[in-house]
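Engineer: No sequence on hand, only this structure:
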């Protein structure tokens, strides 16, 4: 490997902070991943979790290099599609929670993230970004393959499949679902505290969640804050009627083989 290929994620971020470098994407099993992830793919694929580890997966940053130094049980977050999750997670019967968001809101949120994240590929104009989203040309690949992959494996792999819109509508109900899935027993007071602390407003003001510690040459939050709006249906402020029509027709074709109960698409 070249010296560039041996950079850790932390080193790559620091390098990007000084050089403002947008990482190129490299395909792993036809999924576009940022180069610093692709260059370390062998070690990521070989990662052996502890059975007590909990995997949290969403469609768009995987950083498994630090996990080897942490003691289990660990909370491991990934944006990898199902087919790229290291198989040891399923071999060790780790629990996994997947959070899905409706396609249009996810697209808009990802677009603003790519605008402010100077390590991600250049997003270009919004109209072109819609096309990239529809064809799976963005980092982490196709949203359609991502949400369908975890959905179709949720029963065989004991994956708790949650929806962003449900969490916004009734966060306490979803926290209780997670509690039961993890075989935990929490008091009403603790559940209420969890709901309060994980509200969008509190997380937006929390340096541990809003990424305000990331230097501005990397995350330029003057363009868009990391925690932007968190609203359901914000896509309506961005899609033109023609774009909506084209997107909806394509959505029907790509999702015809599954019946995932997404909301707020119309």
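Structural biologist: Good, I have the coordinates. Remember, it's a predicted structure, so these values are computed and weren't measured experimentally. Numbering: from 1, shown residues only.
Engineer: residue contacts, residue 239?
Structural biologist: 104, 130, 247 (CB atoms under 8 Å, 6 or more residues apart in numbering). For glycine as for every other residue, the C-beta is placed from the backbone atoms N, C-alpha and C.
Engineer: An error on my part: the question was meant for residue 243.
Structural biologist: 127, 130.
Engineer: And the average pLDDT for the helix or strand containing it is what?
Structural biologist: When elements are assigned from DSSP states H and E, residue 243 belongs to helix 241-254. For helix 241-254, mean pLDDT rounds to 96.
Engineer: and if you look at stretch 196-216?
Structural biologist: Stretch 196-216 comes out at a mean pLDDT of 62.
Engineer: residue closest to the middle of this structure?
Structural biologist: residue 60 (3.0 Å; CA atoms, centre = their mean).
Engineer: and the gap between that residue and residue 151?
Structural biologist: 17 Å (CB to CB, to the nearest Å).
Engineer: Helices along the stretch 101-250 of the chain, start to end?
Structural biologist: Assigned by DSSP state H, counting those that start in this stretch, the stretch 101-250 of the chain shows helices spanning 103-116, 126-135, 143-153, 164-169, 171-181, 188-197, 200-204, 207-210, 241-254.
Engineer: which secondary structure elements does the fourth one contact?
Structural biologist: If you count contacts as 3 or more CB pairs under 8 Å, 6 or more residues apart in numbering; DSSP states H and E, helix 164-169 packs onto strand 95-100, helix 171-181.
Engineer: Where does pLDDT dip in the protein?
Structural biologist: Residues of the chain meeting the criterion pLDDT under 70: 1-20, 61-63, 65-71, 199-230, 264-266.
Engineer: try it again with 50
Structural biologist: 1-7, 9, 13, 16-18, 61-63, 65-67 (pLDDT under 50).
Engineer: rewinding a little: of all the helices of the stretch 101-250 of the chain, which lies closest to residue 50?
Structural biologist: helix 171-181 (18.0 Å; CB to CB).
Engineer: Now that closest one: buried residues?
Structural biologist: 171, 174-177, 181 (16 or more other CB atoms under 10 Å).
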